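Sharing a model prediction with you, sequence too.
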Amino acid sequence: MNFDKWFNSQDRLLQVILLIIPFVGWIVELLVRLSVMLRTMSAVHVVVFILFLVLGWGWFLCLIDLIYLAVKGHLILA
């Protein structure tokens, strides 16, 4: 699964649009984090994926990821 590589290769405007749409943004972030977790199998990525799965449905984490994406170009810990 290389969804994270596909997402990171997209234009930043498209990334922001995908994240700003409420339900679509949650699904995109979930797929990016799942892709990173399956590719690396790092303990940190597994914990981040589980935390996002449990707490990521709220706007707070999505907003933090959106701001971090606009500044750095990728999601936090992904």
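All right, it came through fine. Residues are numbered from 1 along each chain as shown.

if I look at Val24, how far off is Ile67?
Taking C-beta to C-beta, to the nearest Å as the measure, Val24 falls 18 Å from Ile67. For the C-beta atoms, the positions are set from N, CA and C on the backbone; glycine is no exception.

scratch that, Val16 is what I was asking about
Here Val16 is placed at a distance of 10 Å from Ile67 (C-beta to C-beta).

ok, those two, which is more surrounded?
Taking other C-beta atoms under 10 Å, Val16 and Ile67 do not tie; Val16 has more neighbours (14 against 11).

Surely the more buried one touches Tyr68?
No: judged on C-beta atoms under 8 Å, Val16 makes no contact with Tyr68 at a distance of 11.4 Å.

ok, now which ones touch Pro22?
The contact partners of Pro22, taken as C-beta atoms under 8 Å, 6 or more residues apart in numbering, are Trp59.

cool, and Trp26?
For Trp26, the contact set (C-beta under 8 Å, 6+ apart) comprises Gly56, Trp57, Cys62.

Could you pick out the buried ones from these?
Gly56, Cys62 (16 or more other C-beta atoms under 10 Å).
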